[in-house]
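J.: Sequence and predicted structure are below.
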Amino acid sequence: MKKRFLKGLGTVILGAGLLAGCSSNGSGGENDGKLVIDVFNIKVETKDQLEAMIEKYESENENVDINLTTVGGGQDAASALQAKFSSNEEPAIFLLGGLSDVEKYQKYLLDVSDMESAKTAIEGTLQGATVDDIPYGIPLNIEGFGWMINKEVFQSAGVDPASIASYDDFVKAVETIDSKKEELGLEAVFGFSGKEDWVVSQFSNHFTAPEFDNDLNKAYEASELTFKYGDRLKEYTDLINKYNVQPILSLDYSTSVEELFTNNKVAIIHQGNWIVPTLDSIDPAFSKDKLGILPLFVDSDEQGYISAGPSWFWGINKEKDDKVVEASKDFIDWMYTSDYGKQQIVDEFKYIPAHEGYEADSIQDPVSKEVYQALLDGKSRVWAHNQYPNGFSQTAMFPEYQKYLNGDITWEEFIKTSSSKFTEMR
């Protein structure tokens, strides 16, 4: 049965380190009689799984040689991809972060309408890469984010996550956990990564998506950002900063997730279900026994929302040799529609699938199931932040947000400067 989604589903930047895998032949073409396909990936946390997928595909298609380059985390993935195009090393397949990326690379992008993986994409999931009714990308997966919590810590503090039904409830839970942090062995309640621009960008999404009526196109076409829900953004921000591991501006993804959260040193981080493979690689039982997700209460204190939708989209470079283009299409279709590919997507990548032909019960960890259900039930926000003007999150809003966290500017100055730069950069 075809599953229906909210209008407008969107996209995020994630990652952690410049890595290369598989082989290393040129920028796409033919080498020693083989078709060479260069793939540019930013999903560092599933790099190993993608390499295994490539190895399997190559074993079944001996005339194809796939190079994988992965960029993320401390590296600037957007700049690295731009550098590839600037140096005439354009990949055959690369990830798009939303409508602004589609516009930026549109002259290179293939209309994917005739691909099997486009035809099987769940209704609504192509919108984040569709311009003038033409889809230019295949959704990577569904991802959701909000407050990722350690349920074990909550329970040890006497806090039932299910009882948190408003912003005030959340504040009380934070204060309760903080009052017991020494006996719980916590460094702090929060492990918010104030050093990471993409974490701040995602966090802002909870407050800007409702301003844009939870619609990707409105977010992309908006000429101004008024921070309609800026008061609640300030309340959450001040709460985080008060109860966070300090210095907050030095806290990166690796420290927050891999050191503090997985070792029960903080109770709450702002992340998404993409951290499941990392958590489980450190503690195989973490995602099933400890991991939970809480919504944010922004425009309503009666209904909280997480953000959920396609995170990224695979674009195919139509400027490559026709044989490379066809092989690239075949590889992506194989990933999402073959029996082997579907099994890998769920079991090894631990993705929430964005395509039909998968069983919801096959989603392994409880948080991913919860994200999937929240999206189906209309209790999620679109990924509006990737529709901000190019560079706004990284070069405009993020530096100002850091200044506020550090006490260098007032909240009013943060709002005024960020709003002005949004309009200027649009």
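T.: All right, it came through fine.
J.: Any idea how many residues pack against Glu60?
T.: Glu60 has 10 neighbouring residues, counting by other Cβ atoms under 10 Å. In this view, the C-beta of every residue, glycine as well, is placed from N, C-alpha and C.
J.: so what pLDDT did it get?
T.: The model reports Glu60 with a pLDDT of 97.
J.: repeat for the one 3 residues further on
T.: In this model, Asn63 is scored at 96, pLDDT.
J.: pretty sure it contacts Asp32?
T.: No - with contact defined as Cβ atoms under 8 Å, Asn63 does not reach Asp32; the gap is 10.3 Å.
J.: domain ranges for this protein?
T.: The chain breaks down into these domains under automatic domain parsing: 19-141+311-357, 144-308+383-425.
J.: Okay, helices next: where are they in the stretch 51-200 of the chain?
T.: Listed in chain order, the helices of the stretch 51-200 of the chain (DSSP state H, counting those that start in this stretch) span 77-86, 99-104, 116-119, 151-156, 167-179, 181-184, 197-208.
J.: any idea which of those helices is most buried?
T.: helix 197-208 (a mean of 24; mean count of other Cβ atoms under 10 Å).
J.: average pLDDT across that one?
T.: 97.
J.: the inter-axis angle of it versus helix 77-86?
T.: 110 degrees (axes from the mean of the first three to the mean of the last three Cα atoms, to 10 degrees).
J.: Against which helices or strands is helix 197-208 packed?
T.: helix 230-242, strand 268-272, strand 306-310, helix 398-405 (3 or more Cβ pairs under 8 Å, 6 or more residues apart in numbering; DSSP states H and E).
J.: do you know which of those lies nearest Phe261?
T.: strand 268-272 (5.2 Å; Cβ to Cβ).
J.: Need the winner for burial among the helices and strands packed on helix 197-208.
T.: strand 306-310 (a mean of 28).
J.: Going by contacts, tell me the helices and strands next to the helix or strand where Gln373 lies.
T.: According to DSSP states H and E, Gln373 maps onto helix 366-376. In terms of contacts (3+ Cβ pairs under 8 Å, 6+ apart), helix 366-376 is packed against strand 142-150, helix 286-289, strand 291-294, strand 306-310.
J.: what residue ranges in the stretch 1-150 of the chain score low on pLDDT?
T.: Filtered on pLDDT under 70, the stretch 1-150 of the chain yields the residue ranges 1-31, 73-74.
J.: Recalculate using a threshold of 80.
T.: 1-33, 72-75 (pLDDT under 80).
J.: now the strands for it?
T.: Remark: strands assigned in the stretch 1-150 of the chain by DSSP state E, counting those that start in this stretch are 19-22, 29-31, 34-41, 64-70, 93-96, 130-131, 134-135, 138-139, 142-150.
J.: Include mean neighbour count and distance to Ser254 when you put those into a markdown table, please.
T.: Shown next, in a markdown table, are the strands of the stretch 1-150 of the chain (neighbours: other Cβ atoms under 10 Å; distance: least, Cβ to Cβ, whole Å):
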| stretch | mean neighbour count | distance to Ser254 |
| --- | --- | --- |
| strand 19-22 | 17 | 14 |
| strand 29-31 | 14 | 36 |
| strand 34-41 | 24 | 19 |
| strand 64-70 | 23 | 16 |
| strand 93-96 | 25 | 21 |
| strand 130-131 | 16 | 35 |
| strand 134-135 | 19 | 35 |
| strand 138-139 | 29 | 27 |
| strand 142-150 | 25 | 15 |
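J.: so can I have CSV of those showing distance to Pro277?
T.: Formatted as CSV, the strands of the stretch 1-150 of the chain follow (distance: least, Cβ to Cβ, whole Å):
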stretch, distance to Pro277
strand 19-22, 15
strand 29-31, 32
strand 34-41, 14
strand 64-70, 14
strand 93-96, 17
strand 130-131, 29
strand 134-135, 28
strand 138-139, 19
strand 142-150, 12
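J.: Number of residues surrounding Lys107?
T.: With other Cβ under 10 Å as criterion, Lys107 counts 7.
J.: What count of nearby residues applies to the closest residue to Tyr372 other than its chain neighbours?
T.: Nearest residue to Tyr372, sequence neighbours excluded (Cβ to Cβ, 6 or more residues apart in numbering): Ile352, at 5.0 Å. Counted with other Cβ under 10 Å, residues neighbouring Ile352 total 26.
J.: Kindly report the same for the one 5 residues further on.
T.: Per other Cβ under 10 Å, the neighbour tally for Gly357 reads 11.
J.: Noted, bye for now.
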